[in-house]
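Asker: Need a 3D model of the sequence below.
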Amino acid sequence: MTSADPIGRALVVSLGVAGLFISAASAVGGATACRPAWSEMPTPPGANSFYGVAAITQSDVWAVGSHYDGVDDRPTAEHFDGIQWVIVNVPTQGPSGAYLRGVAGVSGTDVWAAGYWITTSGLSNTLIEHYDGISWTIVPSPNPPSSASYLGTVAAVATNDVWVAGHYLDNSGVYRTLVEHWDGTSWMIASSPNAGNGDNALNGIAAASSNDIWAVGYQSSAPGAASSTLVLHFDGTIWTIVPSPNPGGLTSSLAGVVAMADGRIWAAGFYYDGTQGRTLLLHGDSSGFAAVPGEDFPGEGNVLNGIAASGLGDIFAAGYHYPNGTSDYQGLIEHYDGKQWRRVSSAQGASYTYLSGITAQSGGAAWAVGNTLTATIAESVCEIQVSEAGFVPEAASATLGDTVGWTITGSSSHRLVDASGMQLFDSGSRAPGRPACRSRSHGARHRHPKASYLTSRSEPRRIEAFATGE
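Answerer: Numbers count the residues shown, from 1 in each chain. Alright, predicted model coming up:
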């Protein structure tokens, strides 16, 4: 050991055929329900689909989508109470199909979901529902003069300040952006700009404050032209277009956005490089955005459908990847540690795993939802919290091949070293390189919570890792 004062507990990592076990040296058995590596949680059976997810607290998480009742698709909502996912009854607008695509909440008694429903005459109309802590009810929402209006994303700032976004079909047969606002009394359409004369649509929305709202999606210069990224910003008065890059110069689109505490914005989606889809991650503010490299599966198509942040140095993006020429999708989760994006392990269904949404809470907790060919899929992660006081939780479990995460908090620097003195992590001087067992992690010196990951890819052995503070 070095001369630095130890925090007081040892992090024990056992890598073997039975898996990986992390605990304080004094802990006796007992893994936590939410593990430090992305792990699947059971969801109710049935012909269900998940499209969006939102965490109010770590024991109050909602996922929305649709389910097939034997006649048509109906809106659905499922709730996670910290122990299990359960189906909660959601009303439907009429006898035809209806879908909820996005969800967000101000509190456990003030949750909003948005989507669309199909009329008996075949028109698509906006659908907004509200949960008051007891039940879901349909709240009237306006529609532009259109045969097709769709909502797909929600941002909740306050009880009297909620935003939804999507798109509608105008009289010329071109999709236009659609933004609506709740003022505590009613929903109203807010004027939103479009770029070019082709299709424009909004797929994600996020709020930093009541006068700092962001929405992302795609635009095209003319009907039938390739799509490119679209970023809109609301300053409390009007929505405006913010310049955004289009890597590759071909098709690109944004699916999700998150507003950070430092005033910066992250957006996620994909672009086409002429051969395959590639992950697209944009970082910026009202002055403009720049593309930041993700970590794709080489030689495969890669797409991101959502993005969420637990902290400035702890951001997740989720989607799917697939070998060229196939449709056997596999879930994809990437993590940003304050310096670079890297893939982390995630749960996979039997086949065709497609992650459609992701949400996070402070303290290193996050949830992702999506679908397989036959069922919904939900997975979660709860990073180990490391501070001057020690490790929380004191015991956790993972399996060989899992990417195990921990969040470093506090004002001092921290290091993790194994029993031989080999450094696993140093928040004060973190060298570049892929996070892997017995190698240094990457990132910059922190003065705020920052997460790192350790991947159990090595041969079976036991490592005792000690957290030290400076």
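
Asker: From here on, just use CA atoms for contacts and neighbour counts.
Answerer: Fine.

Asker: Can you list the low-confidence ranges for the chain?
Answerer: Within the chain, the ranges that satisfy pLDDT under 70 run 1-33, 388, 390, 395-398, 409-470.

Asker: switch to 80 and redo it
Answerer: For the chain, the stretches with pLDDT under 80 are 1-33, 324-327, 350-351, 384-402, 404-470.

Asker: With residue 295 as the reference, measure out to the most centrally placed residue in it.
Answerer: The centroid of the chain falls nearest to residue 358 when counting by Cα atoms, centre = their mean (2.6 Å). Distance from residue 358 to residue 295, counting by Cα to Cα, to the nearest Å: 18 Å.

Asker: Check residue 161 too.
Answerer: Counting by Cα to Cα, the gap from residue 161 to residue 295 is 36 Å.

Asker: ok, now residue 130?
Answerer: Distance of residue 130 to residue 295, computed by Cα to Cα: 37 Å.

Asker: More neighbours: which of those two?
Answerer: Neighbour totals were compared for residue 130 and residue 295, and residue 130 leads with 20 against 17 (other Cα atoms under 10 Å).

Asker: Residue 41 bridge partners, please.
Answerer: Judged by DSSP bridges, the bridge partners of residue 41 are residue 378.

Asker: Give me the neighbour count for it.
Answerer: Neighbours of residue 41 (other Cα under 10 Å): 18.

Asker: Next: the one 3 residues further on.
Answerer: Here the count is done by other Cα under 10 Å, and residue 44 has 14 residues near it.

Asker: Specify the beta-bridge partners of the nearest residue to it once chain neighbours are set aside.
Answerer: Nearest residue to residue 44, sequence neighbours excluded (Cα to Cα, 6 or more residues apart in numbering): residue 86, at 6.5 Å. Counting by DSSP bridges, residue 86 is bridged to residue 79.

Asker: What's the separation between residue 86 and residue 393?
Answerer: Residue 86 sits 26 Å away from residue 393, going by Cα to Cα.

Asker: Outline the domain layout of the chain.
Answerer: 5-34+395-469, 39-382 (automatic domain parsing).

Asker: thinking again about what came up before, just give the nearest non-adjacent residue to the residue nearest to the centre of the chain, would you?
Answerer: residue 368 (4.2 Å).

Asker: I'd guessed the one you found sits against residue 348; true?
Answerer: No. When contacts are counted by Cα atoms under 8 Å, residue 368 is not listed as touching residue 348 (11.7 Å).

Asker: And residue 326, how far from residue 300?
Answerer: 10 Å.

Asker: Looking at the two, which has the bigger crowd around it?
Answerer: residue 300 (16 against 9).

Asker: Now for that one: which residues touch it?
Answerer: Contacts for residue 300 were tallied using Cα atoms under 8 Å, 6 or more residues apart in numbering; they are 276-277, 321-324.

Asker: Please apply the same query to residue 360.
Answerer: Residue 360 touches 54-55, 308-310, 366-367, counting by Cα under 8 Å, 6+ apart.

Asker: Residue 364 too?
Answerer: 310-311, 314, 381-385, 406-407, 451.

Asker: mind listing the strands in the stretch 151-300 of the chain by residue range?
Answerer: If DSSP state E, counting those that start in this stretch is used as the criterion, the strands of the stretch 151-300 of the chain fall at 161-169, 175-182, 187-190, 200-209, 212-219, 228-234, 239-241, 252-259, 265-272, 277-285, 288-292, 300-311.

Asker: Turn these into a markdown table, including distance to residue 39.
Answerer: Listed next are the strands of the stretch 151-300 of the chain as a markdown table, based on distance: least, Cα to Cα, whole Å:
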| stretch | distance to residue 39 |
| --- | --- |
| strand 161-169 | 30 |
| strand 175-182 | 35 |
| strand 187-190 | 38 |
| strand 200-209 | 25 |
| strand 212-219 | 29 |
| strand 228-234 | 32 |
| strand 239-241 | 38 |
| strand 252-259 | 22 |
| strand 265-272 | 22 |
| strand 277-285 | 22 |
| strand 288-292 | 27 |
| strand 300-311 | 17 |
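
Asker: Indicate which one of those strands is closest to residue 62.
Answerer: strand 300-311 (14.6 Å; Cα to Cα).

Asker: partners of the closest one in the sheet?
Answerer: Sheet pairing for strand 300-311, using DSSP bridges, gives strand 314-323 (antiparallel).

Asker: what residues does the partner strand touch?
Answerer: 268, 297, 299-309, 328-338, 353-358, 364, 368, 449-451.

Asker: of those, buried ones?
Answerer: 268, 297, 300-309, 328-338, 353-358, 364, 368, 449-451 (16 or more other Cα atoms under 10 Å).

Asker: got a list of what residue 263 touches?
Answerer: 208, 285.

Asker: er, residue 72 I mean
Answerer: By Cα under 8 Å, 6+ apart, the neighbours of residue 72 are 96-97.

Asker: go again using 6 Å as the cut-off
Answerer: By Cα atoms under 6 Å, 6 or more residues apart in numbering, the contact set of residue 72 is residue 97.

Asker: ok, back up a step: in strands, which of the contacts of residue 364 appear?
Answerer: Residues of the contacts of residue 364 located in strands (DSSP state E): 310-311, 314, 381-382, 384-385, 406-407, 451.

Asker: Now restrict those residues to buried residues only.
Answerer: 310-311, 314, 381-382, 384-385, 406-407, 451.

Asker: Which single one of those is nearest to residue 155?
Answerer: Closest to residue 155, out of all of those and judged by Cα to Cα, is residue 310, at 16.5 Å.

Asker: Count the residues that sit near the closest residue to residue 149 other than its chain neighbours.
Answerer: Among residues not flanking residue 149 along the chain, residue 168 sits closest, at 4.2 Å (Cα to Cα, 6+ apart). Look at residue 168: counted by other Cα under 10 Å, it has 28 neighbours.
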